[in-house]
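> Quick one, fold the following:
(2 chains)
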Number of protein chains: 2
Amino acid sequence: MAKGKLFIISAPSGAGKSTVLSRVMAQLPGVAFSVSHTTRMPRKGEQDGREYHFVDRTTFTEMIEQGNFLEYADVHGNYYGTSRLAVQEQLEQGLDVILDIDVQGAKIIRDAKEMDAVFVFLTPPDLTELERRLRGRGLDSDETIVQRLKNAHTELRSLGDFDYLIVNEELDEAVRMFESVILAERAKNHRHFTGKDIQTKVFVV
Amino acid sequence: MAKGKLFIISAPSGAGKSTVLSRVMAQLPGVAFSVSHTTRMPRKGEQDGREYHFVDRTTFTEMIEQGNFLEYADVHGNYYGTSRLAVQEQLEQGLDVILDIDVQGAKIIRDAKEMDAVFVFLTPPDLTELERRLRGRGLDSDETIVQRLKNAHTELRSLGDFDYLIVNEELDEAVRMFESVILAERAKNHRHFTGKDIQTKVFVV
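Presented below is the predicted three-dimensional model:
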């Protein structure tokens, strides 16, 4: 079986990333979600190994020292990281792995040039719409919303570093675009079939 | 409106290219088919400007001399060629243009490096299946089928030069893959939105 490919997806908070991802995961076969490690406590309803691998600080620090993370960050005193081994195991199974990380995490993985990853940026049509969505979901204070809009503004400066840009104006369309990116990457010559593979296959017949 | 992109599709005879293309053209908005010029006589039911632009030898030779063709070839005494102007007009309208040419024509366009084109190769799963399909459609003599299989064999050697490889094992799947290639190319950063475009758009808000 062909090896899978790593898809990094970044988006400003409120761009609709979770909804797009859950739809793609439900619809497209052969895709797996990469579960991050964190030292923060599980929230109500969260399950170890599903939302996150929940580990203590000692374990996480050991994993850092052993170079086990593709990227990690300290966010408000809690560690979050992507285990190289977990991702590689899924790729070896032939699964395309989706990694949902912020622009900074994406940059670390891009700069490391260790993984043959595809970088996808999901964006709302504009900041007015983003603000409307953030207010609409009623999760954040005014102060938090202003901070999120500032962050979005900063993150958007990085989108030139991404391979693909998907504008989430209409959900169905955004889902289709992300699925298309994954399918097109599968069709790339150096993927499932190299020239050699198909020629061998055909010549043997 | 963003400029369109040129998609070159090549396939061995019998790979199912016409069926895949007509389905994609019918389903996916924003895609146009490039109509070639030829000096051969129209067949029954063919219409000038639809299947081909039918021109006489003098006109065609003048077009060659004026450098009007992206590629052209003499096939059994008849000229076939792709007019640069016709393609560029469609691209300027923001349409993605599909150009159905053989491996040799694709090579000419690739080597010229004039067009920012995406090269797609459509292949049957293997030569046994190709032979089955060629016999099944009942159009060709045994001799022609043997020749077509030999040609396919030769053409398959070139598939490493193509950007995408689509295996037409199941029609719906092949159609979806080709549509995905077009959509993914639209999502590429340097296409509809460059980083600058979206940032400007967002900053202005």
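> From here on, just use CA atoms for contacts and neighbour counts.
Will do.
> Give the buried residues for the longest helix seen in chain A.
Secondary structure of chain A per DSSP state H: the longest helix is helix A:171-187. The neighbour-count check on helix A:171-187 (16 or more other C-alpha atoms under 10 Å in any protein chain shown) flags A:174-187 as buried.
> Report the angle between it and helix B:171-187.
Interaxial angle, helix A:171-187 versus helix B:171-187 (axes from the mean of the first three to the mean of the last three C-alpha atoms, to 10 degrees): 100 degrees.
> Does anything pack onto helix A:171-187? Which helices or strands?
helix A:17-27, strand A:164-167, strand B:164-167, helix B:171-187 (3 or more C-alpha pairs under 8 Å, 6 or more residues apart in numbering or on different chains; DSSP states H and E).
> want to throw those into a markdown table with mean pLDDT and distance to residue A:84?
Converted to a markdown table, those look like this (pLDDT from 0 to 100; distance: least, C-alpha to C-alpha, whole Å):
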| stretch | mean pLDDT | distance to residue A:84 |
| --- | --- | --- |
| helix A:17-27 | 94 | 21 |
| strand A:164-167 | 94 | 23 |
| strand B:164-167 | 94 | 29 |
| helix B:171-187 | 96 | 27 |
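> what's the closest of those to residue B:112?
Residue B:112 lies closest, by C-alpha to C-alpha, to one member of those: strand B:164-167, at 19.3 Å.
> Who are the packing partners of that closest one?
helix A:171-187, strand B:117-123, helix B:171-187.
> Identify the farthest-apart pair in the buried residues of helix A:171-187.
It's A:174 and A:187 that sit farthest apart of the buried residues of helix A:171-187, by C-alpha to C-alpha, at 19.9 Å.
> now the helices: where do they sit in chain A?
A:17-27, A:57-65, A:84-92, A:103-112, A:127-137, A:142-156, A:171-187, A:195-204.
> Would you convert those helices into a markdown table that also reports distance to residue B:71?
Output for the helices of chain A, formatted as a markdown table (distance: least, C-alpha to C-alpha, whole Å):
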| stretch | distance to residue B:71 |
| --- | --- |
| helix A:17-27 | 40 |
| helix A:57-65 | 56 |
| helix A:84-92 | 41 |
| helix A:103-112 | 39 |
| helix A:127-137 | 46 |
| helix A:142-156 | 41 |
| helix A:171-187 | 26 |
| helix A:195-204 | 25 |
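> tell me the most buried of these?
helix A:171-187 (a mean of 21; mean count of other C-alpha atoms under 10 Å in any protein chain shown).
> In PDB, list the C-alpha atoms belonging to that helix.
Output of helix A:171-187 as PDB, limited to C-alpha atoms (Å, rounded to 0.1, in the frame of the first residue of the first chain):
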ATOM      1  CA  LEU A 171     -19.500  25.200   3.800                       C
ATOM      2  CA  ASP A 172     -20.300  22.600   1.100                       C
ATOM      3  CA  GLU A 173     -17.900  24.400  -1.300                       C
ATOM      4  CA  ALA A 174     -15.100  24.600   1.300                       C
ATOM      5  CA  VAL A 175     -15.500  20.800   2.100                       C
ATOM      6  CA  ARG A 176     -15.400  20.000  -1.600                       C
ATOM      7  CA  MET A 177     -12.300  22.100  -2.100                       C
ATOM      8  CA  PHE A 178     -10.400  20.400   0.800                       C
ATOM      9  CA  GLU A 179     -11.400  17.000  -0.400                       C
ATOM     10  CA  SER A 180     -10.200  18.000  -3.900                       C
ATOM     11  CA  VAL A 181      -6.900  19.000  -2.500                       C
ATOM     12  CA  ILE A 182      -6.500  15.600  -0.900                       C
ATOM     13  CA  LEU A 183      -7.600  13.700  -4.000                       C
ATOM     14  CA  ALA A 184      -5.400  15.800  -6.300                       C
ATOM     15  CA  GLU A 185      -2.400  15.100  -4.100                       C
ATOM     16  CA  ARG A 186      -3.200  11.400  -4.400                       C
ATOM     17  CA  ALA A 187      -3.200  11.800  -8.200                       C
END
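> Identify the residues contacting it?
Outside helix A:171-187, the residues within contact range by C-alpha atoms under 8 Å, 6 or more residues apart in numbering or on different chains are A:7, A:20-21, A:23-24, A:28, A:96, A:164, A:166-168, A:191-192, B:164-166, B:177-181, B:183-184, B:187.
> 7 Å - rerun?
A:20, A:23-24, A:166-168, A:192, B:164-166, B:177, B:180-181, B:183-184 (C-alpha atoms under 7 Å, 6 or more residues apart in numbering or on different chains).
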